[in-house]
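Chemist: mind folding the following:
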Amino acid sequence: MDTVVIKSQLQKMIDQQDDISVLEAIYTLLQKTSLNPVLKYKLTERAKMSEDDINAGRLLTKQEVIERTNSIVK
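Modeler: I've put the predicted structure just below:
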């Protein structure tokens, strides 16, 4: 499905919905997913850096993760 089809179907479903709690839930969901543009940019850049690290083989072993976590917790 493409964006236009999904939006059209959502609009029809919303127009037919009479339950206020369902409409409020949809409203809340859509509000929460509208990220601040700066935050969205930062999160996207961080994800790209992570992908670069994975592709370059810069990974930690399970034991290294455990050791780092334990050192932080202490």
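
Chemist: just list the residues touching the most centrally placed residue in the chain, thanks.
Modeler: If you average the C-alpha coordinates of the chain and look for the closest C-alpha using CA atoms, centre = their mean, you land on residue 33, 8.0 Å from that point. The neighbours of residue 33, taking CB atoms under 8 Å, 6 or more residues apart in numbering as the test, come to nothing; the list is empty. (Glycine included, C-beta is placed from N, CA and C.)

Chemist: how far away is it from residue 62?
Modeler: In this view, residue 33 and residue 62 are 33 Å apart by CB to CB, to the nearest Å.

Chemist: tabulate the CA atom coordinates of the longest helix anywhere in the chain in CSV.
Modeler: Ranked by residue count and defined by DSSP state H, the top helix of the chain is helix 37-55. As requested, the backbone C-alpha atoms of helix 37-55 are provided in CSV (Å, rounded to 0.1, in the frame of the first residue of the first chain):
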residue,chain,number,x,y,z
PRO,A,37,12.5,18.1,13.8
VAL,A,38,15.7,18.5,15.7
LEU,A,39,15.2,15.4,17.7
LYS,A,40,14.2,13.5,14.5
TYR,A,41,17.4,14.6,12.8
LYS,A,42,19.5,13.6,15.8
LEU,A,43,17.9,10.2,16.0
THR,A,44,18.3,9.6,12.3
GLU,A,45,22.0,10.6,12.3
ARG,A,46,22.6,8.3,15.3
ALA,A,47,20.9,5.4,13.4
LYS,A,48,23.0,6.1,10.3
MET,A,49,26.2,6.1,12.4
SER,A,50,25.1,2.8,14.0
GLU,A,51,24.5,1.3,10.5
ASP,A,52,28.0,2.5,9.4
ASP,A,53,29.6,0.8,12.5
ILE,A,54,27.8,-2.4,11.8
ASN,A,55,28.8,-2.4,8.1
